[in-house]
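Engineer: Any chance you can model this:
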Amino acid sequence: MRFRFKNQMIRETPPEPTREELLAVISAQAAQIAALLAENAALRARITELERRLGLNSSNSSKPPSSDGLKKPVRVRSLRERSKKPSGGQKGHKGETLRQSSEPDKIEDHHPPSCGGCGTPLDPQTSVGHKARQVFDLPEPQPLVVTEHRAHECQCPNCGATTRAEFPEGVNAPVQYGARIAAFVVYLLHFQMLPEDRLALLMADLFGVKLCAATIANMSRSCANRVEGFVEALRNLVAAAPIKHMDETGFRIGGKTQWLHVASTKLIVFYRVCAKRGALLSELVKVVGVVVHDHWKPYYTMTGVQHALCNAHHLRELKALVEIEKEDWARRMQILLRRAAHAANLARERGVPLKPRLIGLLERRYDAIVRQGLVFHESQPPLGSASAKKRRGRKSRRTGHNLLLRFAGRREDVLRFLHDPAVPFSNNEAERDVRMMKLRQKISGGFRSPEGAADFATIRSFLATARKQGWNIIEALTSHPEYLARSLRLG
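Structural biologist: The predicted model follows:
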């Protein structure tokens, strides 16, 4: 309703809201505030998680050093404890020094042209002694040695029949490259990881041997067929070894991600390419002893074995919790594991087991740290918002909480190195064996076919084992596999 008073318009005052209307407005605002608070908490949790991921690098997680990018960490602190030993070679260490040979291949004599005192000319007959210096160098590349095999036909003087001799094993074509060239090519291709084009260029520049990609592939295929039985024997030896290490990594084959598995000991290495990540576990039969691994759960499906977890992985995870989340229990566990490793290494060097009293002390401290960490994480608010839609599956936990549950549930596997001197502190044996596989993929990319990848795994098993056995690589590649199998050292 409007009223006019002295040419001014006056509006009627609206009625005051009722109590029910005010309560409805307050309720709606409260719901909106709760939703905003929940969204804010979720965003803050996401920011924290993203900041945590940015803080991860090769020194505090399982990320490879190549993922650090151009901005490398200023100084990656080693996970090892500082020792009181001086740097460099220790007393009793047998060094490798270039020493003079007692029978040089070539001698060059150098005589002074004249006397340094009066200038009288001097000749070799005036020599009264000498000092020797030796230079070790490669010989000049020689032309290839061509060996012609002649299989003669002989006529029997009695019956007149003609019999021709058999060519030696491996001499199959009118013209072909020999076993040593093939061994050299296989070594450079599968052990030094040279791409095929660069390998062909190297052989042409250094030896004048012109190879094409098909020839290199045929040499690789022939070598894989020849050592296949030897490598299958390696698989059975690894399965029967008292201590074995296992790991796996992604491998690009035919444009798809497949898996390269490794099972190794200190003297034997076995590789196998599988389309599925856990396929190798079904191929290893009659596995006994202790399996050292990185807590990948399918390893626990293996029956009849004991497990030992890689504590190098644990130290990296603990380092991230110390540096990023600032969790005190992680710092204490980090110190405890390092001291336990140091004590185990000292006992191993002395050839004696750890004293049960020391083991008991370390286990009690371990349990106390785990309890402290669980109390801390159970007091933290749950991840995600309370109003968020419930998801199926396992409830989300913080990274440190999951690690604590592993420490609590797998205590025996984490500390197995304390009770058995043969069990190592980490899974570095398999980590080293699998690291070069990533280098192969980085240099040459993936494989076009599963057959090429399988050949690589077979030949690499042979070469890596030969390296650990201390064999000459070229001689091993040209020797008969059955002879090498009889000379295998198992530990």
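Engineer: Show me which positions of the strand ranked longest in the chain end up buried.
Structural biologist: When secondary structure is assigned using DSSP state E, the longest strand within the chain turns out to be strand 243-253. For strand 243-253, burial by neighbour count (16 or more other CB atoms under 10 Å) applies to 243-249, 251, 253. (C-beta placed from N, C-alpha, C; glycine too.)
Engineer: ditto for stretch 459-466
Structural biologist: Neighbour-count burial for stretch 459-466, with 16+ other CB under 10 Å as criterion, is recorded at 459-466.
Engineer: and the longest helix seen in the chain, how far from the chain's centre?
Structural biologist: Of all the segments assigned as helix in the chain under DSSP state H, the longest by residue count is helix 19-55. Computed by CA atoms, centre = their mean, to the nearest Å, the separation of helix 19-55 from the middle of its chain amounts to 45 Å.
Engineer: Just the buried positions in it, please.
Structural biologist: Under the neighbour-count criterion of 16+ other CB under 10 Å, helix 19-55 has 41, 52 buried.
Engineer: How about stretch 406-425?
Structural biologist: Taking 16+ other CB under 10 Å as the basis for neighbour counts, the residues of stretch 406-425 that come out buried are 406-407, 410, 413-418, 420, 423-425.
Engineer: Pull out the buried residues from the helix or strand containing Tyr483.
Structural biologist: Secondary structure assigned from DSSP states H and E places Tyr483 in helix 481-486. Buried positions in helix 481-486, judged by neighbour count with 16+ other CB under 10 Å: Leu484.
Engineer: where's Leu237 relative to Phe230, distance?
Structural biologist: 11 Å (CB to CB, to the nearest Å).
Engineer: hey, where'd the helices end up in the stretch 301-450 of the chain?
Structural biologist: 311-320, 328-350, 356-378, 399-409, 411-414, 416-419, 428-444, 450-469 (DSSP state H, counting those that start in this stretch).
Engineer: Turn those helices into a markdown table, including distance to Gly129 and mean pLDDT.
Structural biologist: Conversion of those to a markdown table gives the following (distance: least, CB to CB, whole Å; pLDDT from 0 to 100):
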| stretch | distance to Gly129 | mean pLDDT |
| --- | --- | --- |
| helix 311-320 | 58 | 92 |
| helix 328-350 | 49 | 93 |
| helix 356-378 | 64 | 95 |
| helix 399-409 | 72 | 92 |
| helix 411-414 | 68 | 96 |
| helix 416-419 | 61 | 95 |
| helix 428-444 | 51 | 83 |
| helix 450-469 | 45 | 93 |
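Engineer: What pLDDT is listed against Ile47?
Structural biologist: Among the per-residue scores, Ile47 holds a pLDDT of 84.
Engineer: what's near enough to touch the closest residue to Ala179 other than its chain neighbours?
Structural biologist: Using CB to CB, 6 or more residues apart in numbering and skipping the chain neighbours, the partner closest in space to Ala179 is Thr478 (4.7 Å). With contacts defined as CB atoms under 8 Å, 6 or more residues apart in numbering, the neighbours of Thr478 are 179-180, 183.
Engineer: quick revisit: could you say which one of the helices of the stretch 301-450 of the chain comes nearest to Ser282?
Structural biologist: Distances from Ser282 to each of those were compared using CB to CB; the minimum, 16.3 Å, belongs to helix 450-469.
Engineer: could you give the angle of the closest one to strand 243-253?
Structural biologist: Relative orientation of helix 450-469 with respect to strand 243-253: 150 degrees, computed using axes from the mean of the first three to the mean of the last three CA atoms, to 10 degrees.
Engineer: Helix or strand next in line after helix 450-469, which one?
Structural biologist: Heading C-terminal from helix 450-469 (DSSP H and E), you reach helix 473-478.
Engineer: ok so, going back, considering the buried residues of stretch 459-466, which is situated nearest to Ala263?
Structural biologist: Ser461 (9.7 Å).
Engineer: ok now do Arg332, which residues does it touch?
Structural biologist: Contacts here follow CB under 8 Å, 6+ apart; on that basis Arg332 touches 369, 372.
Engineer: coming back round to it: farthest pair within the buried residues of stretch 406-425?
Structural biologist: Maximum distance among the buried residues of stretch 406-425 (CB to CB): 20.0 Å, for Arg406 and Asp420.
Engineer: circling back: helices or strands next to the helix holding Tyr483 in the packing?
Structural biologist: Taking 3 or more CB pairs under 8 Å, 6 or more residues apart in numbering; DSSP states H and E as contact, the helices and strands that helix 481-486 lies on are helix 213-240.
Engineer: Mind listing what's buried along the helix it packs on?
Structural biologist: Going through helix 213-240 with 16+ other CB under 10 Å, the ones that come out buried are 215-216, 219-220, 222-224, 226-228, 230-231, 233-235, 237-239.
Engineer: what about the helices in the stretch 51-200 of the chain?
Structural biologist: 179-190, 196-207.
Engineer: Please tabulate those helices in a markdown table, including the columns distance to Val128.
Structural biologist: Compiled in a markdown table, these are given as follows (distance: least, CB to CB, whole Å):
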| stretch | distance to Val128 |
| --- | --- |
| helix 179-190 | 47 |
| helix 196-207 | 44 |
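Engineer: Could you single out the most deeply buried of the ones you listed?
Structural biologist: Mean neighbour counts were compared across the helices of the stretch 51-200 of the chain using mean count of other CB atoms under 10 Å; the top stretch is helix 179-190, at a mean of 20.
Engineer: Any regions of the stretch 51-200 of the chain where pLDDT drops low?
Structural biologist: For the stretch 51-200 of the chain, the stretches with pLDDT under 70 are 61-84.
Engineer: cutoff 90 now
Structural biologist: Across the stretch 51-200 of the chain, the ranges flagged by pLDDT under 90 are 51-102, 115-120, 122-128, 137-145, 160, 169-173, 193, 195-196.
Engineer: Which parts of it are strands?
Structural biologist: For the stretch 51-200 of the chain, applying DSSP state E, counting those that start in this stretch gives strands covering 153-155, 162-164.
Engineer: Quick one: closest of these to Arg331.
Structural biologist: Ranking the strands of the stretch 51-200 of the chain by proximity to Arg331 (CB to CB) places strand 162-164 first, at 80.0 Å.
Engineer: So what's the residue count around Asp294?
Structural biologist: Asp294 is surrounded by 19 other residues when neighbours are defined as other CB atoms under 10 Å.
Engineer: out of everything not next to it in sequence, what's closest to it?
Structural biologist: Nearest-residue entry for Asp294: Cys310, 4.7 Å, with adjacent residues in sequence omitted and distances by CB to CB, 6+ apart.
Engineer: and that neighbour, how many neighbours does it have?
Structural biologist: Counted with other CB under 10 Å, residues neighbouring Cys310 total 24.
Engineer: Might you report the residue contacts of it?
Structural biologist: Neighbour list for Cys310: 292-295, 426-428, 431 [criterion: CB under 8 Å, 6+ apart].
Engineer: 10 Å instead?
Structural biologist: With contacts defined as CB atoms under 10 Å, 6 or more residues apart in numbering, the neighbours of Cys310 are 62, 245, 247, 292-295, 316, 414, 424-431.
Engineer: repeat for Trp296
Structural biologist: For Trp296, the contact set (CB under 10 Å, 6+ apart) comprises 246-248, 277-278.
Engineer: what do you get if the cut-off is 6 Å, keeping everything else the same?
Structural biologist: For Trp296, no residue meets the contact criterion (CB atoms under 6 Å, 6 or more residues apart in numbering).
Engineer: Distance-wise, check it relative to His307.
Structural biologist: When Trp296 is compared with His307 (using CB to CB), they lie 11 Å apart.
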